[in-house]
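J.: Got a predicted structure plus its sequence, pasted below:
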Amino acid sequence: MQLLMKVVAFEEFGAAGNLQLADRPMPTCGPDDVLIKTAAVSVNPVDVKTRQGEALASQLEHALPLVLGWDIAGKVVAVGRNVQNLSEGDDVFGMILFPKPPNGYAQYVAAPADELALIPAGVSYDAAAASTLAALTAWQAFTHFGELKAGDRVLIHAASGGVGHFAVQMAKHLGAHVIATSSSKNKAFVESLGADEHIDYKAVKFDDETGDIDFCLETQGGPQFQRSVSVMRNGGTIINLPWD
Ligand SMILES: NC(=O)c1ccc[n+]([C@@H]2O[C@H](COP(=O)([O-])OP(=O)(O)OC[C@H]3O[C@@H](n4cnc5c(N)ncnc54)[C@H](OP(=O)(O)O)[C@@H]3O)[C@@H](O)[C@H]2O)c1
């Protein structure tokens, strides 16, 4: 008898209303995989844009009906024979199988063990699932695609957002002077993360308020990207995040 589980799938790209509860066979655990009982899934912009027919949609069309959900957290319930680093009962999180179909919007998901990490003590499943792609994006921007150095003046746009709130904390950890933009309603939150200066992008033009920036994490694209260029010092680095 085949065991079934519940998933959230869609047969056509489009609005959120296309997401439907469906039955799928329970995944099997390959030799390098673990089987996870899913506890939390993070829905970030790449999920939304792909579901709408953008981002990775053209690469994944062949796999319709699709089950998205790259950012997951849960408990390991079975371990493949080659897996050394994880055991049954471990609480794990990770960004799995990107950019292949992840099948994370599901009661159970199989994923390569080397794409998962143990959830630190005291961190919830929800927080762990939300700390994968968003945190990785900020970290890669500062340490892989760019090189943020101690003492740099860094401008972080959308500092209250998914990527931005990690970026503020990471930039402080790396010793930078952080200038952060958000709405006034999020000023206290952004400052609590360590921002040295705050700019309310709705009340003032950030390019009138700051300059001599060594590193900018740009989140909006278009005209804001051009305005961000105008506040850079010569030789500075801008990382542009929008997926257009
Ligand atoms: N999340 C990810 O994992 C991820 C990965 C790769 C790339 N990206 C890209 O990174 C960008 C940000 O994504 P996100 O997930 O961090 O977004 P998000 O969580 O949706 O953040 C949106 C925040 O942006 C702020 N905002 C809106 N317009 C702004 C402006 N003109 N200036 C400054 N802040 C503004 C708003 O802050 P207030 O509420 O304070 O006004 C809003 O809360 C997007 O282009 C996304 O495609 C995201």
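T.: Sure, I can see it. Here the structure is a predicted model, which means the values were calculated and not measured.

J.: C-alpha from now on. contacts and neighbour counts both.
T.: OK.

J.: Report the residue ranges of every domain in this structure.
T.: For the chain, the structural domains run 4-129, 133-240, going by automatic domain parsing.

J.: now the ones you listed as CSV including mean pLDDT?
T.: Listed next are these as CSV, based on pLDDT from 0 to 100:
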stretch, mean pLDDT
domain 4-129, 97
domain 133-240, 97
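
J.: want to throw the ones you listed into JSON lines with mean neighbour count?
T.: Listed next are these as JSON lines, based on neighbours: other C-alpha atoms under 10 Å:
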{"stretch": "domain 4-129", "mean neighbour count": "19"}
{"stretch": "domain 133-240", "mean neighbour count": "18"}
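
J.: Quick one: name the residues of this protein near the ligand.
T.: Counting by C-alpha under 6 Å from any ligand atom, the positions of the chain adjacent to the ligand are 44-45, 133-134, 137, 157-158, 160-164, 181-183, 186, 201, 219-220, 241-243.

J.: Helices of this protein, residue ranges please.
T.: 45-51, 57-60, 125-129, 133-140, 162-173, 187-192, 206-209, 222-229 (DSSP state H).

J.: relative to helix 133-140, how tilted is the fifth one?
T.: Think helix 162-173. Angle of helix 162-173 versus helix 133-140, following axes from the mean of the first three to the mean of the last three C-alpha atoms, to 10 degrees, is 40 degrees.

J.: Kindly report the same for the last one.
T.: Per the same axes, to 10 degrees, the angle that helix 222-229 makes with helix 133-140 is 30 degrees.

J.: Counting by contacts, list what helix 222-229 packs against.
T.: Under the contact criterion of 3 or more C-alpha pairs under 8 Å, 6 or more residues apart in numbering; DSSP states H and E, helix 222-229 touches strand 213-218.

J.: Need the contact partners of the strand it packs on.
T.: 141, 148, 152-157, 224-225, 228, 231-233, 235-241 (C-alpha atoms under 8 Å, 6 or more residues apart in numbering).

J.: what's the nearest residue to residue 198 if we skip its chain neighbours?
T.: residue 180 (5.0 Å; C-alpha to C-alpha, 6 or more residues apart in numbering).

J.: hang on, the one you found packs against residue 158?
T.: Yes: in this structure, residue 180 is within contact of residue 158 by C-alpha atoms under 8 Å, at 7.5 Å.

J.: and the nearest residue to residue 94 once chain neighbours are set aside, what is it in contact with?
T.: Leaving aside its sequence neighbours, residue 94 sits nearest to residue 116 (C-alpha to C-alpha, 6+ apart; 4.6 Å). Listed by C-alpha under 8 Å, 6+ apart, the contact set of residue 116 reads 92-96.

J.: do residue 49 as well
T.: Counting by C-alpha under 8 Å, 6+ apart, residue 49 touches 55-56.

J.: one step back: in TSV, list the contacts of residue 116 along with distance to residue 54.
T.: Converted to TSV, the contacts of residue 116 look like this (distance: C-alpha to C-alpha, whole Å):
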residue	distance to residue 54
92	29
93	26
94	23
95	19
96	20
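
J.: Output the helices of the chain as JSON lines; include the columns distance to residue 68.
T.: Output for those, formatted as JSON lines (distance: least, C-alpha to C-alpha, whole Å):
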{"stretch": "helix 45-51", "distance to residue 68": "7"}
{"stretch": "helix 57-60", "distance to residue 68": "10"}
{"stretch": "helix 125-129", "distance to residue 68": "14"}
{"stretch": "helix 133-140", "distance to residue 68": "14"}
{"stretch": "helix 162-173", "distance to residue 68": "19"}
{"stretch": "helix 187-192", "distance to residue 68": "30"}
{"stretch": "helix 206-209", "distance to residue 68": "36"}
{"stretch": "helix 222-229", "distance to residue 68": "28"}
